[in-house]
Structure formats: C-alpha cells, structure tokens
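Participant: Please find the sequence and the predicted model below.
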Amino acid sequence: MRVGMTRLRDKGGASRDAAYEITNGFVDASGSPTQRPGTKWMFNWADPRLGKGAQANQTKGLMFFKGVFYRFTSGNGAGSGIVSGGGATYVILVLRHPTSTTATLSKIHYAKPMLGFPYVVAQFSDGLVAHYWLQNPPSWKANTFYAPNSLVQPTTPNGFYYQAVPWTPLPAAWTPLLQHNLGDVVQPTAPNGYRYYAQQLASGFGAQTTTTASATVPAIGSTFTLSVASTTGFNALAGNVVGIVDNVLLPTWVVQGTITAIAGTITVRVTAIVVNGGIATLSSGAVLSQQIDRSGANEPTWAATVAGTTTMDVSSAAAPPVAAAAPTQPGAVPPGTGTGGRYSNPGGTRIQPN
C-alpha cells in the first residue's frame, strides 16, 4: 500500500494502493498494513463486580517493562488504603506523596524506562506533580551485612526505600602505635562499613590475668567483683582502663571498666559493653588486661580469611605507644558479624529511612 486509508474514488474503481477502511491498524513506513499496538486486559486492578470495589479509582497509569505490566497508586484514600500486589506478569507500585498522607493519585503524566528503571511523573489530588525513579532495590534480609548507602525495601513493599548508614558517632580510625585496651573500638583507615573492637592479646603490654570464677556483668555504671588468678601489675588509679574478654563462651564479648578496688579480687566499674550475643555472665578463664597492646606500625588485614582472626604487626613497632583515648560506648548490635581477631566486628551498619 502507498497511501493508506482513503475514501476518495477515481474513475475505474478502487485503487490497489489504498484501503477503504483500516480497523485497529496502520500503514508503516514500508507500506505494509500493520496491526495497531495495544493491550489485552488480563488483570483485575479494581473491578467492583469482582469484589474489589474498595480499590476502585486508586490505581492509575499503565506501563509495560521487562515483561511486566505496572500500575500505580498513592497508598492513600478510602477503602483498602495501600493497594499492593502483583506477580510474575503484573505489579502495583506505591508512589508516596512527599508530604501528605491523605492526597490520592489523580493522574500519571509519564511512565517510561530510564537508565534501567521506571521513571514516573505523577500528579496528586492536591495538585502536586512529583517525579519518581523506581530503582526497586532488593528486599531486606536478616543477618546480612549492608555496605553504607546500600538500598533495601521492606519484604512487604510500603512505597519507601531505606538506605544503610554508618553507626554514629563513628569510631576513630586505626592509628599506628596507638596503645589499646580490650574493648577499644576502631574502624579501618579506609572505612568498609564495619567497626572493630580489640578482643585478643598478642605480645601485649601492661598487666594481664584470667578470671577463676564466673561473674554476672551488671549494667554500665555499676560495679562487680572478679576472682582472678593474679592481681600483679594492676592498679586502681583514676582513669586507668581495664578490659575483660570472654573467648570461652561464644559469641565473644568484651567489657571495659575502671578498677575501684584490689584485694585478692578485682572490683570493676563498668564503662562499656561490646556484646555479640545475649550472654549475661563472664565465664571462668576470661582474660582481664590493663593497657594490653598497641596497634603496631602496619595496619591489620581487616578482611581476614579466617573468621575471628586478623594480623597486627607489633614486632616492628619501634616508637613508644601513645596513650589511648577514653573508651566510648558502642551502639546496639544489629544482625550479622564480620571478620576480625584482635579486632573483631560486632555488627556492621544499621538501616534507617533515607
């Protein structure tokens, strides 16, 4: 065909180059009659006759992307509220209004793929026009490490994405030749999303002993008494930090405090607890030390191949150690653990709304 559809008639009858009528079709650039693109309605988005009247008028627009039909809702309005659902061939996506919890979706102006994800321009009942780039991050998983700035969404989507951010305040970066106590918290000089705490001894410095009986650890600010193998070298001077690490009961955990009394036993006022588990007691054989080690001249290999260990170079530390800063209380421990030895990872990152 050359001229498409025309009702004009020349003498001699109908033209071979034209059609009298074309229904649901067009003539393409090559002159071939072609079926008009369209969609076949296969899904009940909100049909009152089929029992979904509460969802009527809550979904707008239509986009076909990677073999799936997409339709959109605000998650606001009467009836069922958030309209969600879908499967392998269709999905309803929630477009959250930036400020309102009552404005409903009134129109989709634009919905096309852009840079691998749907780009949608939506208008709400209050007149606001908002733009969305729907990256569709993976669903959150328990006991999973998330690097800073990683995106996740709830296992039941609610229209929000969540971004992993580092714990605040951030621990100090690892420093060569820095004097450490058990429980001191650091992060690598090139942050990797983990924090690490001192938990193992090597050659060490200062006093060191082990507990000879189990003890219940109280809350921060309270005191408790430890039966120990020796009190030699320990003192109760103000500001002198002591650390206790329990490698007997796993998962490992660490307590920091200041010594308040020494008389065959050692009494400690707890200043910090780094716990990777719900254990409430220190077992017999836990290591207690005072100014136990320094970080060495070379930074450890934080991504150790053997879980629970990492290398610290103390043999090449020629300069005297630097006094350690006062310990700080770490935040709550989220699911997941990482590598480390003398430095062991008690958590990773947390997730909060972006």
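Facilitator: All right, it came through fine.

Participant: my guess is K107 meets F72, correct?
Facilitator: No. At 10.1 Å, K107 and F72 do not qualify as touching, with contact defined as C-beta atoms under 8 Å. C-beta: built from backbone N, CA, C; applies to glycine.

Participant: Who has more neighbours out of those two?
Facilitator: Counted by other C-beta atoms under 10 Å, K107 and F72 do not tie: F72 has more neighbours, with 25 against 12.

Participant: Quickly find the element holding that one.
Facilitator: strand 68-73 (DSSP states H and E).

Participant: just checking, what packs against that strand?
Facilitator: strand 59-65, strand 90-94, strand 105-114, strand 117-124 (3 or more C-beta pairs under 8 Å, 6 or more residues apart in numbering; DSSP states H and E).

Participant: follow-up on the earlier one: between K107 and F72, which contacts overlap?
Facilitator: Common contact partners of K107 and F72 (C-beta atoms under 8 Å, 6 or more residues apart in numbering): 60-61, 122.

Participant: Looking at neighbours, which among those is most surrounded?
Facilitator: Greatest neighbour count in the shared contacts of K107 and F72, by other C-beta under 10 Å, goes to A122: 23 neighbours.

Participant: list the contacts for that one?
Facilitator: Residues near A122 by C-beta under 8 Å, 6+ apart: 60-61, 72, 74, 95, 105, 107-109, 129-132.

Participant: ok, for it, nearest residue in space, not its chain neighbours?
Facilitator: Leaving out its chain neighbours, the residue that sits closest to A122 by C-beta to C-beta, 6 or more residues apart in numbering is L95, at 5.1 Å.

Participant: How about L115, nearest residue that isn't a chain neighbour?
Facilitator: Excluding its sequence neighbours, the residue lying closest to L115 (C-beta to C-beta, 6+ apart) is W133, at 7.9 Å.

Participant: partners of that neighbour in the sheet?
Facilitator: Judged by DSSP bridges, the bridge partners of W133 are Y119.

Participant: now swap in P113 and tell me
Facilitator: Beta-bridge pairing for P113 (DSSP bridges): P118.

Participant: I'd like to know how many residues surround T104.
Facilitator: T104 has 18 neighbours, counted by other C-beta under 10 Å.

Participant: quick one, phi/psi of it?
Facilitator: Per-residue torsions, T104: phi -110, psi 160 (degrees, to the nearest 10).

Participant: ok, now which ones touch it?
Facilitator: So T104 contacts 58, 74, 76-77, 124-125 (C-beta under 8 Å, 6+ apart).

Participant: farthest-separated two in the residues you listed?
Facilitator: Spatial extent of those (C-beta to C-beta) is set by the pair Q58 and F124 at 12.4 Å.

Participant: and for these two, which residues touch both?
Facilitator: Here Q58 and F124 have 74, 104-105 as joint contacts, going by C-beta under 8 Å, 6+ apart.

Participant: Just put these in CSV and tack on pLDDT and distance to V245.
Facilitator: Formatted as CSV, the entries for the shared contacts of Q58 and F124 read as follows, by pLDDT from 0 to 100; distance: C-beta to C-beta, whole Å:
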residue, pLDDT, distance to V245
S74, 84, 53
T104, 86, 57
L105, 88, 56
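
Participant: picking that back up, does the residue nearest to L115 touch G116 like I think?
Facilitator: No. In this structure, W133 is not within contact of G116 by C-beta under 8 Å, at 9.9 Å.

Participant: which one of the shared contacts of Q58 and F124 sits closest to A14?
Facilitator: Using C-beta to C-beta, the shared contacts of Q58 and F124 come closest to A14 at L105, 49.2 Å.

Participant: Report the contact partners of that closest one.
Facilitator: 58-60, 72-74, 76, 95, 122-125.

Participant: on that earlier part again, is it correct that the residue nearest to A122 is in contact with R71?
Facilitator: No. Shown here, L95 and R71 do not form a contact pair, counting by C-beta under 8 Å, at 10.7 Å.

Participant: Tally up the residues packed near the residue nearest to S295 when sequence neighbours are not counted, please.
Facilitator: If the residues on either side of it in the chain are set aside, S295 comes closest to L178, at 4.7 Å by C-beta to C-beta, 6+ apart. Residues lying near L178 (other C-beta under 10 Å) number 19.

Participant: Distance of L178 relative to A198?
Facilitator: 10 Å (C-beta to C-beta, to the nearest Å).

Participant: same question, K66
Facilitator: Distance, K66 to A198, using C-beta to C-beta: 49 Å.

Participant: Neighbour count for those two, which is higher?
Facilitator: Between K66 and A198, A198 has the larger neighbour count (other C-beta under 10 Å), namely 29 against 8.

Participant: That'll do, ta.
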